[in-house]
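J.: this one's sequence-less:
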């Protein structure tokens, strides 16, 4: 876990939500969201990440790709 510095805490409190964090090495942007929001999104999307649960549907998978 990474703890925010005092300067970062002030930025989180005053900036637009969710705050955007930039990795200076790569320029990649990250959104900083509360754990409750993350868990809600994760729970909502979890059913879409499942694999096949019915062997009868195996014929729906393209084998030539």
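T.: Okay, I see it. Predicted model only: the values in this text are computed from it and were never measured. Residues are numbered from 1 along each chain as shown.
J.: Need the nearest residue in space to residue 37, chain neighbours excluded.
T.: residue 18 (7.8 Å; CB to CB, 6 or more residues apart in numbering). Just so you know, the C-beta spots here come from the backbone N, C-alpha and C atoms, and that holds for glycine as well.
J.: wait, what's in contact with that neighbour?
T.: 31, 32, 33, 37 (CB atoms under 8 Å, 6 or more residues apart in numbering).
J.: repeat that for 6 Å
T.: 31, 32, 33 (CB atoms under 6 Å, 6 or more residues apart in numbering).
J.: Identify those among these that sit within strands.
T.: In this view, the contacts of residue 18 that belong to strands under DSSP state E are residue 31.
J.: Return the distance of the nearest residue to residue 20 once chain neighbours are set aside relative to residue 43.
T.: Nearest residue to residue 20 in three dimensions, chain neighbours excluded: residue 29, at 5.4 Å (CB to CB, 6+ apart). Distance check for residue 29 against residue 43: by CB to CB, to the nearest Å, it reads 24 Å.
J.: And residue 15, by the same measure?
T.: 27 Å.
J.: for residue 24, same thing?
T.: In terms of CB to CB, residue 24 sits 33 Å off from residue 43.
J.: who has more neighbours, these two?
T.: residue 43 (9 against 6; other CB atoms under 10 Å).
J.: Could you report the pLDDT at the spatially most central residue of the chain?
T.: The residue lying closest to the centre of the chain (CA atoms, centre = their mean) is residue 38, at 6.9 Å. Here the pLDDT value assigned to residue 38 is 89.
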